[in-house]
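*Asks:* Here's a sequence, model it:
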Amino acid sequence: MHPKNNQVFAHVIGCVSVTLAVLACGAGPNPHAATELGDRRYSVVITAPPELPAGSSGHLVLEARPQAGHKLSTDFPTRLVLLSSSGLDAPTELDREAAEELREQTIRYAAPILARKRGSQTIEGKLRIGVCTGNLCEPVELPFEVNLLVTGGS
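*Replies:* As a prediction, this is how the structure comes out:
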């Protein structure tokens, strides 16, 4: 399979995985749903509350870690871009300075989410990081989608 096709396939599977993990965990006592995306160079764990009451807040957490033989770039223009549905308030962009942790072994963002409107809500995003092998670094853009349910309220 061509490398570009691998990326598209990984994106589709990743989006489905995030959606299924969030939906599956919504019925149980687990307060957060998590899924792991990435490839042979890195992994990203995305954690979000599967359900929030209207008017309450939570966090969408993304944590990137390199796979063996790789490291994350601390110089790359690291960024988390978010687009949320109208029932959620979330920042549209968090730059490298907003990262809770920015090291060669971990890049971590915790984006605040405010539930406004009842119903099924979506956050689409892209995490931009640099992944390095030795001194050679390359940009990575990981698209994802997270669904959560806003309960109660109006």
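*Asks:* which of the residues in stretch 80-91 are buried?
*Replies:* If you call a residue buried by 16 or more other Cβ atoms under 10 Å, then stretch 80-91 has these buried ones: 80-82, 84-85, 87-88, 90. (Glycine included, C-beta is placed from N, CA and C.)
*Asks:* Revised request: answer the last question for stretch 98-111.
*Replies:* Within stretch 98-111, the residues that qualify as buried are 99, 102, 107, 109-111, counting by 16+ other Cβ under 10 Å.
*Asks:* What of stretch 38-52?
*Replies:* Using 16+ other Cβ under 10 Å as the test for burial, stretch 38-52 gives 38-39, 41-42, 44, 46-52.
*Asks:* Quick one: those as CSV, columns for pLDDT too.
*Replies:* CSV is the format used below for those (pLDDT from 0 to 100):
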residue, pLDDT
38, 72
39, 78
41, 91
42, 92
44, 93
46, 92
47, 92
48, 90
49, 89
50, 86
51, 91
52, 93
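*Asks:* where does the chain dip in pLDDT?
*Replies:* Along the chain, the model assigns pLDDT under 70 to residues 1-37, 153-154.
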